[in-house]
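Q: My questions concern the predicted model and sequence given below.
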Amino acid sequence: MPVYTQSIPIAASVAQVDRCLTDLELMKRWLNPLLGCEAVGSPLAELGSRYRFFLRLPFVSPSLDCVITERAEGLVQWQFEGFFEGTDRWECHPQPEGTLLVNCFDFRIPNPWVAAGFYLLAAGPTQQDMRAQLRRLKAVAEALG
């Protein structure tokens, strides 16, 4: 299974970064503009909470149903099933001047045709987008001051 791991230092507390990872309104500010997220049931980011992430594309909106499988302040792990299967883990590490945020996207694509298309066309842009999301999340967390 491929694992994409990215990290970024953020001049904000673990609590502020955690809020950016779990507050749907703040998430809208740093997620890829083509990616949406909605709570399925309670919007509280707790162990067992369910979410749906979806792509906003013309004529189609593929989605991933997710459940939080690990949760503590500074830690959120979503497990997902759909056109991807795996986990998206966000973990905060306290630092003297803020927080080091590590994002680990561990996945497999069960459909071989979808997998071939992903690796041919989307693997590189996906990793670039992960880095861009981290930069946007950093800006949102640091603005919470």
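A: Okay, I see it.
Q: Which residue, other than its chain neighbours, is closest to the residue nearest the centre of the chain?
A: Of all residues in the chain, the one closest to the mean position by C-alpha atoms, centre = their mean is Asp88, 5.8 Å from it. In this structure, Asp88 finds its nearest non-sequential neighbour in Trp78, 4.8 Å apart by C-beta to C-beta, 6 or more residues apart in numbering. For every residue, glycine as well, the C-beta is placed using N, CA and C.
Q: Packing partners of the helix or strand where the one you found lies?
A: In the assignment (DSSP states H and E), Trp78 maps to strand 75-82. The contact analysis (3 or more C-beta pairs under 8 Å, 6 or more residues apart in numbering; DSSP states H and E) places strand 75-82 against helix 14-22, strand 63-72, strand 85-95.
Q: Tell me the bridge partners for the residue nearest to the centre of the chain.
A: Trp78, Phe105 (DSSP bridges).
Q: Against Leu100, how distant is it?
A: Computed as C-beta to C-beta, to the nearest Å, the Asp88 to Leu100 distance reads 17 Å.
Q: Repeat that for Leu134.
A: Distance of Leu134 to Leu100, given as C-beta to C-beta: 11 Å.
Q: Please identify every residue contacting each of the two.
A: 7-8 (C-beta atoms under 8 Å, 6 or more residues apart in numbering).
Q: neighbour-wise, which of those two wins?
A: Neighbour comparison, Leu134 and Leu100: the larger count goes to Leu134, with 19 against 16 (by other C-beta atoms under 10 Å).
Q: Now do that one, the pLDDT please.
A: On pLDDT, Leu134 comes in at 95.
Q: wait, it sits on Ile8?
A: Yes - at 4.3 Å, Leu134 and Ile8 qualify as touching, with contact defined as C-beta atoms under 8 Å.
Q: Between those two, which contacts overlap?
A: With C-beta under 8 Å, 6+ apart as the test, Leu134 and Ile8 both reach Leu101.
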